[in-house]
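Novice: Predicted model follows, preceded by the sequence.
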Amino acid sequence: MAGGAVSLDLDLHVPGRVRVALRAEPGEVIAVIGPNGAGKSTLVHALAGLVPATGSAVLDGTDLLALPTRERSVGLVFQRQLLFPHLSALDNVAFGPRARGGSRREAEQRAHDWLDRLGVGELSGRRPRELSGGQAQRVAIARALATDPRLLLLDEPLTGLDVKVAMALRIELGRHLATYDGITLLVTHHALDALTIADRVLVLDEGRVAQLGTPAEVAQRPRTEHVARLVGLNVVPSEGRLTAFTPDAVTVSLEPPVGSARLRWHGPVVDVSPHGDAVRLLVRAEPDLIADVTPAAATELGLAPGREVWLSVKETAVRRYDLAPEQTGTVAP
Ligand SMILES: Nc1ncnc2c1ncn2[C@@H]1O[C@H](COP(=O)(O)OP(=O)(O)OP(=O)(O)O)[C@@H](O)[C@H]1O
(Lines give C-alpha, C1' and ligand atoms only; values in the text may rest on other atoms or scores of the structure.)
Protein backbone atom coordinates (compact mmCIF):
# COMPACT_ATOMS: atom_id res chain seq x y z
CA MET A 1 0.00 0.00 0.00
CA ALA A 2 2.95 2.34 0.58
CA GLY A 3 3.50 4.82 -2.22
CA GLY A 4 7.26 4.67 -2.61
CA ALA A 5 9.37 7.55 -3.92
CA VAL A 6 8.43 8.28 -7.51
CA SER A 7 9.00 11.04 -10.01
CA LEU A 8 6.62 12.21 -12.70
CA ASP A 9 7.66 13.10 -16.25
CA LEU A 10 4.86 15.00 -17.83
CA ASP A 11 4.39 16.08 -21.41
CA LEU A 12 0.64 16.32 -21.67
CA HIS A 13 -1.57 17.92 -24.28
CA VAL A 14 -5.33 18.35 -24.35
CA PRO A 15 -5.83 20.02 -27.71
CA GLY A 16 -7.26 23.51 -27.43
CA ARG A 17 -7.27 23.42 -23.63
CA VAL A 18 -3.89 22.84 -22.02
CA ARG A 19 -0.30 21.83 -22.70
CA VAL A 20 2.16 21.20 -19.89
CA ALA A 21 5.62 19.66 -19.75
CA LEU A 22 7.45 19.29 -16.47
CA ARG A 23 9.31 16.87 -14.27
CA ALA A 24 8.18 16.51 -10.67
CA GLU A 25 10.60 15.04 -8.17
CA PRO A 26 9.65 12.51 -5.46
CA GLY A 27 7.66 14.13 -2.68
CA GLU A 28 7.09 17.37 -4.56
CA VAL A 29 3.95 19.40 -4.04
CA ILE A 30 3.20 21.51 -7.09
CA ALA A 31 0.54 24.17 -6.75
CA VAL A 32 -1.29 24.91 -10.00
CA ILE A 33 -2.59 28.45 -10.25
CA GLY A 34 -3.91 30.72 -12.97
CA PRO A 35 -7.02 32.62 -14.03
CA ASN A 36 -10.39 31.02 -14.78
CA GLY A 37 -10.23 28.88 -17.88
CA ALA A 38 -6.41 28.60 -17.76
CA GLY A 39 -6.56 24.80 -17.95
CA LYS A 40 -5.91 23.86 -14.31
CA SER A 41 -8.82 21.45 -13.95
CA THR A 42 -8.27 20.06 -17.42
CA LEU A 43 -4.70 19.15 -16.43
CA VAL A 44 -5.71 17.19 -13.33
CA HIS A 45 -8.76 15.65 -14.97
CA ALA A 46 -6.58 14.45 -17.86
CA LEU A 47 -4.13 12.87 -15.41
CA ALA A 48 -7.01 11.17 -13.63
CA GLY A 49 -8.29 9.83 -16.95
CA LEU A 50 -11.48 11.87 -16.98
CA VAL A 51 -10.47 13.88 -20.05
CA PRO A 52 -8.67 12.35 -23.05
CA ALA A 53 -5.12 13.63 -23.53
CA THR A 54 -2.17 12.96 -25.79
CA GLY A 55 1.51 12.86 -24.85
CA SER A 56 2.72 11.06 -21.75
CA ALA A 57 2.67 11.17 -17.98
CA VAL A 58 5.30 8.72 -16.79
CA LEU A 59 4.99 7.87 -13.13
CA ASP A 60 7.38 5.29 -11.76
CA GLY A 61 8.15 3.98 -15.25
CA THR A 62 4.49 3.64 -16.26
CA ASP A 63 2.70 5.99 -18.63
CA LEU A 64 -0.54 6.86 -16.86
CA LEU A 65 -2.12 8.07 -20.08
CA ALA A 66 -1.82 4.55 -21.49
CA LEU A 67 -3.70 3.04 -18.52
CA PRO A 68 -7.47 2.77 -18.14
CA THR A 69 -8.82 5.29 -15.64
CA ARG A 70 -9.42 2.80 -12.84
CA GLU A 71 -5.90 1.40 -13.02
CA ARG A 72 -4.20 4.77 -12.47
CA SER A 73 -2.77 4.96 -8.98
CA VAL A 74 -4.05 8.44 -8.27
CA GLY A 75 -5.89 9.98 -5.35
CA LEU A 76 -8.48 12.56 -6.27
CA VAL A 77 -10.17 15.36 -4.44
CA PHE A 78 -12.27 17.50 -6.71
CA GLN A 79 -14.73 20.25 -6.00
CA ARG A 80 -18.18 18.74 -5.65
CA GLN A 81 -16.54 15.39 -5.05
CA LEU A 82 -19.08 12.63 -4.72
CA LEU A 83 -18.75 10.16 -1.91
CA PHE A 84 -20.37 6.75 -2.22
CA PRO A 85 -23.88 7.66 -1.01
CA HIS A 86 -24.72 4.25 0.40
CA LEU A 87 -21.55 3.95 2.53
CA SER A 88 -20.80 5.55 5.89
CA ALA A 89 -17.98 8.10 6.12
CA LEU A 90 -15.81 5.37 7.62
CA ASP A 91 -16.55 2.90 4.83
CA ASN A 92 -15.99 5.58 2.19
CA VAL A 93 -12.50 6.16 3.56
CA ALA A 94 -11.77 2.48 4.23
CA PHE A 95 -12.81 1.55 0.69
CA GLY A 96 -9.45 2.43 -0.92
CA PRO A 97 -7.17 0.71 1.61
CA ARG A 98 -9.46 -2.36 1.48
CA ALA A 99 -9.43 -2.42 -2.33
CA ARG A 100 -5.65 -2.42 -2.17
CA GLY A 101 -5.63 -5.64 -0.22
CA GLY A 102 -5.60 -4.47 3.40
CA SER A 103 -7.58 -6.44 5.98
CA ARG A 104 -10.90 -5.01 7.05
CA ARG A 105 -9.51 -4.18 10.50
CA GLU A 106 -6.43 -2.41 9.09
CA ALA A 107 -8.51 -0.50 6.56
CA GLU A 108 -10.96 0.66 9.21
CA GLN A 109 -8.18 1.64 11.58
CA ARG A 110 -6.58 3.65 8.84
CA ALA A 111 -9.89 5.27 7.96
CA HIS A 112 -10.47 6.17 11.62
CA ASP A 113 -7.02 7.75 11.83
CA TRP A 114 -7.60 9.87 8.75
CA LEU A 115 -11.08 10.97 9.76
CA ASP A 116 -9.67 11.98 13.16
CA ARG A 117 -6.82 13.89 11.59
CA LEU A 118 -9.29 15.82 9.48
CA GLY A 119 -11.49 16.59 12.46
CA VAL A 120 -14.48 14.46 11.44
CA GLY A 121 -13.76 11.30 13.46
CA GLU A 122 -16.99 11.60 15.39
CA LEU A 123 -18.99 11.55 12.14
CA SER A 124 -17.60 8.23 10.94
CA GLY A 125 -20.97 6.45 11.10
CA ARG A 126 -22.84 9.02 9.02
CA ARG A 127 -23.87 8.66 5.40
CA PRO A 128 -22.84 11.44 3.01
CA ARG A 129 -26.36 12.90 2.93
CA GLU A 130 -26.10 13.45 6.69
CA LEU A 131 -22.95 15.55 6.33
CA SER A 132 -22.59 19.26 5.59
CA GLY A 133 -20.69 20.27 2.46
CA GLY A 134 -17.58 21.07 4.49
CA GLN A 135 -17.74 17.83 6.42
CA ALA A 136 -18.19 15.83 3.21
CA GLN A 137 -15.19 17.63 1.74
CA ARG A 138 -13.08 16.60 4.70
CA VAL A 139 -14.21 13.00 4.33
CA ALA A 140 -13.32 13.20 0.63
CA ILE A 141 -9.82 14.44 1.51
CA ALA A 142 -9.45 11.65 4.08
CA ARG A 143 -10.55 9.16 1.44
CA ALA A 144 -7.92 10.37 -1.04
CA LEU A 145 -5.10 10.46 1.50
CA ALA A 146 -5.94 7.09 3.05
CA THR A 147 -5.09 5.23 -0.16
CA ASP A 148 -1.52 6.59 -0.07
CA PRO A 149 -1.56 7.14 -3.84
CA ARG A 150 1.63 7.82 -5.75
CA LEU A 151 0.00 10.82 -7.40
CA LEU A 152 -2.39 13.00 -5.49
CA LEU A 153 -4.61 15.37 -7.48
CA LEU A 154 -6.33 18.02 -5.41
CA ASP A 155 -8.59 20.42 -7.30
CA GLU A 156 -9.58 23.29 -4.99
CA PRO A 157 -9.82 21.00 -1.95
CA LEU A 158 -10.38 23.88 0.47
CA THR A 159 -12.84 25.87 -1.63
CA GLY A 160 -16.28 26.31 -0.13
CA LEU A 161 -15.13 25.63 3.44
CA ASP A 162 -15.50 28.32 6.06
CA VAL A 163 -12.35 30.27 6.84
CA LYS A 164 -11.57 28.58 10.15
CA VAL A 165 -12.04 25.07 8.78
CA ALA A 166 -10.00 25.90 5.68
CA MET A 167 -7.20 27.22 7.87
CA ALA A 168 -7.14 24.10 10.05
CA LEU A 169 -7.27 21.83 7.00
CA ARG A 170 -4.52 23.78 5.26
CA ILE A 171 -2.27 23.13 8.24
CA GLU A 172 -3.21 19.45 8.37
CA LEU A 173 -2.77 19.04 4.62
CA GLY A 174 0.56 20.87 4.68
CA ARG A 175 1.78 18.67 7.52
CA HIS A 176 0.80 15.51 5.68
CA LEU A 177 2.19 16.57 2.31
CA ALA A 178 5.52 17.51 3.88
CA THR A 179 6.17 13.87 4.69
CA TYR A 180 4.30 12.27 1.79
CA ASP A 181 6.68 10.78 -0.77
CA GLY A 182 4.26 10.69 -3.70
CA ILE A 183 3.68 13.68 -5.96
CA THR A 184 0.91 16.19 -5.40
CA LEU A 185 -0.71 18.59 -7.85
CA LEU A 186 -2.80 21.09 -5.92
CA VAL A 187 -5.07 23.35 -7.95
CA THR A 188 -5.86 26.46 -5.95
CA HIS A 189 -7.06 30.04 -6.22
CA HIS A 190 -5.40 30.97 -2.96
CA ALA A 191 -1.94 32.45 -2.80
CA LEU A 192 -1.66 31.18 0.75
CA ASP A 193 -2.07 27.55 -0.36
CA ALA A 194 0.34 27.99 -3.22
CA LEU A 195 2.97 29.80 -1.22
CA THR A 196 2.81 27.85 2.03
CA ILE A 197 2.10 24.28 1.01
CA ALA A 198 3.85 23.98 -2.36
CA ASP A 199 7.47 23.23 -3.22
CA ARG A 200 6.91 24.73 -6.67
CA VAL A 201 4.20 26.78 -8.28
CA LEU A 202 3.00 26.10 -11.82
CA VAL A 203 1.29 29.12 -13.33
CA LEU A 204 -1.01 28.36 -16.23
CA ASP A 205 -2.40 31.02 -18.52
CA GLU A 206 -4.51 30.29 -21.58
CA GLY A 207 -3.49 26.65 -21.49
CA ARG A 208 0.24 27.31 -21.41
CA VAL A 209 2.88 27.31 -18.69
CA ALA A 210 3.39 30.98 -17.86
CA GLN A 211 5.77 30.33 -14.98
CA LEU A 212 7.19 27.42 -13.01
CA GLY A 213 9.26 28.18 -9.96
CA THR A 214 9.57 28.04 -6.21
CA PRO A 215 7.01 30.00 -4.20
CA ALA A 216 9.70 32.58 -3.39
CA GLU A 217 10.57 33.08 -7.07
CA VAL A 218 6.95 33.37 -8.09
CA ALA A 219 6.12 35.75 -5.24
CA GLN A 220 9.09 37.98 -5.92
CA ARG A 221 9.04 37.90 -9.70
CA PRO A 222 5.51 37.14 -10.85
CA ARG A 223 5.39 36.87 -14.64
CA THR A 224 1.71 37.49 -15.13
CA GLU A 225 -0.62 40.13 -13.77
CA HIS A 226 -2.83 37.41 -12.37
CA VAL A 227 -0.03 35.98 -10.23
CA ALA A 228 1.11 39.44 -9.20
CA ARG A 229 -2.37 40.18 -7.91
CA LEU A 230 -2.57 36.78 -6.24
CA VAL A 231 0.62 37.43 -4.27
CA GLY A 232 -0.43 41.01 -3.55
CA LEU A 233 1.99 42.86 -5.84
CA ASN A 234 1.45 45.39 -8.59
CA VAL A 235 3.27 44.54 -11.80
CA VAL A 236 3.51 46.96 -14.69
CA PRO A 237 5.16 46.07 -17.99
CA SER A 238 7.36 48.78 -19.45
CA GLU A 239 10.08 48.74 -22.08
CA GLY A 240 10.26 44.94 -22.18
CA ARG A 241 10.73 44.66 -18.45
CA LEU A 242 8.41 44.26 -15.50
CA THR A 243 8.21 46.75 -12.69
CA ALA A 244 6.90 45.40 -9.39
CA PHE A 245 5.87 47.29 -6.28
CA THR A 246 3.84 46.63 -3.16
CA PRO A 247 0.40 48.22 -2.66
CA ASP A 248 1.62 50.16 0.37
CA ALA A 249 4.25 51.93 -1.76
CA VAL A 250 1.51 53.61 -3.81
CA THR A 251 0.54 57.21 -3.05
CA VAL A 252 -3.10 58.05 -3.73
CA SER A 253 -4.20 61.62 -4.47
CA LEU A 254 -7.15 63.44 -6.03
CA GLU A 255 -4.91 65.85 -8.00
CA PRO A 256 -2.12 64.90 -10.42
CA PRO A 257 1.03 64.24 -8.38
CA VAL A 258 3.52 67.11 -8.51
CA GLY A 259 6.97 66.54 -9.96
CA SER A 260 7.98 64.55 -12.98
CA ALA A 261 7.29 61.05 -11.69
CA ARG A 262 6.98 58.72 -14.67
CA LEU A 263 5.30 56.14 -12.55
CA ARG A 264 1.83 57.57 -12.27
CA TRP A 265 -1.62 56.47 -13.33
CA HIS A 266 -5.13 57.81 -13.35
CA GLY A 267 -8.46 55.99 -13.07
CA PRO A 268 -11.57 55.24 -11.04
CA VAL A 269 -11.59 53.27 -7.82
CA VAL A 270 -13.55 50.07 -8.52
CA ASP A 271 -13.28 48.26 -5.20
CA VAL A 272 -12.59 49.22 -1.59
CA SER A 273 -12.02 46.51 1.02
CA PRO A 274 -10.38 46.14 4.43
CA HIS A 275 -6.90 44.63 4.29
CA GLY A 276 -5.37 44.07 7.73
CA ASP A 277 -5.08 47.52 9.30
CA ALA A 278 -5.26 49.21 5.90
CA VAL A 279 -7.88 49.90 3.27
CA ARG A 280 -7.16 48.24 -0.05
CA LEU A 281 -8.24 49.95 -3.27
CA LEU A 282 -8.51 48.43 -6.69
CA VAL A 283 -8.09 51.14 -9.30
CA ARG A 284 -9.00 50.63 -12.95
CA ALA A 285 -5.93 52.12 -14.60
CA GLU A 286 -3.61 50.82 -17.30
CA PRO A 287 -3.10 48.19 -15.91
CA ASP A 288 -5.38 47.70 -12.88
CA LEU A 289 -3.49 48.52 -9.70
CA ILE A 290 -3.91 47.92 -5.99
CA ALA A 291 -3.09 50.52 -3.35
CA ASP A 292 -3.21 50.30 0.43
CA VAL A 293 -4.03 53.46 2.36
CA THR A 294 -4.80 54.17 5.99
CA PRO A 295 -8.47 54.26 7.01
CA ALA A 296 -7.95 57.97 7.87
CA ALA A 297 -6.69 58.73 4.36
CA ALA A 298 -9.53 56.73 2.82
CA THR A 299 -12.06 58.84 4.71
CA GLU A 300 -10.30 62.13 4.07
CA LEU A 301 -10.06 61.50 0.31
CA GLY A 302 -13.59 60.12 0.12
CA LEU A 303 -12.34 56.93 -1.48
CA ALA A 304 -15.30 54.93 -2.72
CA PRO A 305 -16.04 53.07 -5.95
CA GLY A 306 -16.34 55.54 -8.82
CA ARG A 307 -13.98 58.12 -7.30
CA GLU A 308 -11.30 59.22 -9.84
CA VAL A 309 -7.82 59.10 -8.31
CA TRP A 310 -4.18 59.52 -9.22
CA LEU A 311 -1.67 56.89 -8.18
CA SER A 312 2.06 57.35 -8.09
CA VAL A 313 5.03 55.42 -6.82
CA LYS A 314 8.59 56.46 -6.15
CA GLU A 315 11.39 55.06 -8.32
CA THR A 316 13.12 53.89 -5.15
CA ALA A 317 10.12 51.72 -4.20
CA VAL A 318 10.07 49.60 -7.34
CA ARG A 319 11.94 46.49 -8.45
CA ARG A 320 12.56 45.84 -12.13
CA TYR A 321 13.17 42.52 -13.80
CA ASP A 322 13.26 41.02 -17.25
CA LEU A 323 10.26 39.65 -19.00
CA ALA A 324 12.24 37.07 -21.02
CA PRO A 325 10.79 33.59 -20.52
CA GLU A 326 13.39 31.27 -18.99
CA GLN A 327 11.32 28.87 -16.93
CA THR A 328 12.13 25.23 -16.99
CA GLY A 329 9.45 23.00 -18.36
CA THR A 330 7.80 25.61 -20.54
CA VAL A 331 6.38 24.34 -23.78
CA ALA A 332 4.39 26.37 -26.24
CA PRO A 333 1.25 24.60 -27.48
N1 LIG B 1 -15.86 19.78 -21.08
C2 LIG B 1 -15.21 20.69 -21.82
N3 LIG B 1 -15.21 20.65 -23.15
C4 LIG B 1 -14.54 21.54 -23.90
N5 LIG B 1 -13.82 22.54 -23.37
C6 LIG B 1 -13.79 22.66 -22.05
C7 LIG B 1 -14.48 21.74 -21.19
N8 LIG B 1 -14.24 22.10 -19.91
C9 LIG B 1 -13.46 23.19 -19.96
N10 LIG B 1 -13.19 23.54 -21.24
C11 LIG B 1 -12.34 24.65 -21.71
O12 LIG B 1 -10.99 24.31 -21.44
C13 LIG B 1 -10.27 25.45 -21.00
C14 LIG B 1 -9.66 25.17 -19.65
O15 LIG B 1 -10.71 25.00 -18.70
P16 LIG B 1 -10.42 24.50 -17.23
O17 LIG B 1 -11.74 24.17 -16.60
O18 LIG B 1 -9.37 23.47 -17.25
O19 LIG B 1 -9.83 25.83 -16.57
P20 LIG B 1 -9.47 26.15 -15.05
O21 LIG B 1 -8.12 26.76 -15.07
O22 LIG B 1 -9.65 24.94 -14.22
O23 LIG B 1 -10.56 27.25 -14.71
P24 LIG B 1 -11.34 27.57 -13.34
O25 LIG B 1 -10.39 28.31 -12.47
O26 LIG B 1 -12.44 28.45 -13.84
O27 LIG B 1 -11.83 26.27 -12.76
C28 LIG B 1 -11.27 26.60 -20.99
O29 LIG B 1 -11.11 27.31 -22.20
C30 LIG B 1 -12.60 25.91 -20.94
O31 LIG B 1 -13.60 26.69 -21.56
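Specialist: Nice, I can see it.
Novice: what residue lies at the spatial centre of the protein?
Specialist: T188 (2.4 Å; C-alpha atoms, centre = their mean).
Novice: okay, and for the stretch 201-333 of the chain, where does confidence drop off?
Specialist: The stretch 201-333 of the chain contains residues with pLDDT under 70 at 260-261, 323-333.
Novice: how about the helices in the stretch 151-300 of the chain?
Specialist: 163-179, 191-197, 215-220, 225-230, 295-300 (DSSP state H, counting those that start in this stretch).
Novice: What is the longest one packed up against?
Specialist: Based on contacts counted as 3 or more C-beta pairs under 8 Å, 6 or more residues apart in numbering; DSSP states H and E, the elements that helix 163-179 packs against are helix 133-146, helix 191-197. Where you see a C-beta, it was placed from the backbone N, CA and C, and this is true even at glycine.
Novice: ok, and which of those has the densest surroundings?
Specialist: helix 133-146 (a mean of 24; mean count of other C-beta atoms under 10 Å).
Novice: And that one, how far out from the chain middle?
Specialist: Remark: helix 133-146 is offset 18 Å from the chain centroid, using C-alpha atoms, centre = their mean, to the nearest Å.
Novice: Can you report the mean pLDDT over the residues of it?
Specialist: Here helix 133-146 scores 89 as its mean pLDDT.
Novice: which other helices and strands contact it?
Specialist: Packing contacts for helix 133-146, counted by 3+ C-beta pairs under 8 Å, 6+ apart, involve strand 74-77, helix 89-99, helix 104-117, strand 151-155, helix 163-179.
Novice: Kindly report the residues of the protein close to the ligand.
Specialist: Neighbours of the ligand within the chain, by C-beta under 6 Å from any ligand atom: 17, 34, 36-42.
Novice: try 5 Å
Specialist: Counting by C-beta under 5 Å from any ligand atom, the chain comes close to the ligand at 17, 36-42.
Novice: Out of these, who's the most crowded?
Specialist: Within those, neighbour counts (other C-beta atoms under 10 Å) peak at K40, which reaches 27 neighbours.
Novice: That one against V187, yeah?
Specialist: Yes. If you go by C-beta atoms under 8 Å, K40 and V187 touch, sitting 4.5 Å apart.
Novice: Now do the shared contacts for the two.
Specialist: 32-33, 155 (C-beta atoms under 8 Å, 6 or more residues apart in numbering).
Novice: Most neighbours among the residues you listed, which one?
Specialist: Going by other C-beta under 10 Å, I33 tops those with 29 neighbours.
Novice: In terms of residue numbering, what are the domains of the chain?
Specialist: 8-220, 232-321 (automatic domain parsing).
Novice: Pick the most deeply packed of the ones you listed.
Specialist: Highest mean neighbour count among the domains of the chain (mean count of other C-beta under 10 Å): domain 8-220, with a mean of 19.
Novice: circling back to that earlier point, could you tell me the least trusted of the helices and strands packed on helix 133-146?
Specialist: Ranked on mean pLDDT, the bottom entry among these is helix 163-179, at a mean of 84.
Novice: and the angle for that one with helix 133-146?
Specialist: Angle, helix 163-179 to helix 133-146, by axes from the mean of the first three to the mean of the last three C-alpha atoms, to 10 degrees: 0 degrees.
Novice: who wins for proximity to H226 among the domains of the chain?
Specialist: Closest of the domains of the chain to H226 is domain 8-220, at 4.8 Å (criterion: C-beta to C-beta).
Novice: Which secondary structure elements does the strand ranked longest in the chain sit against?
Specialist: What stands out as the longest strand in the chain, according to DSSP state E, is strand 264-275. Applying 3+ C-beta pairs under 8 Å, 6+ apart, one finds that strand 264-275 contacts strand 278-283, strand 308-313.
Novice: which one of those lies closest to G125?
Specialist: Comparing the helices and strands packed on strand 264-275 by their distance to G125 (C-beta to C-beta), the top pick is strand 278-283, with 45.0 Å.
Novice: Could you list the paired strands of that closest one along with their orientation?
Specialist: Sheet pairing of strand 278-283 (DSSP bridges) gives strand 264-275 (antiparallel), strand 289-293 (antiparallel).
Novice: Off-centre distance for the longest one?
Specialist: Here strand 264-275 is found 25 Å from its chain centre; the criterion is C-alpha atoms, centre = their mean.
Novice: That one vs strand 308-313, what angle?
Specialist: Counting by the same axes, to 10 degrees, strand 264-275 lies at 100 degrees to strand 308-313.
Novice: what comes into contact with strand 264-275?
Specialist: Identification of contacts with strand 264-275 by C-beta under 8 Å, 6+ apart yields 247, 256-257, 279-286, 288-289, 292, 298, 303-313.
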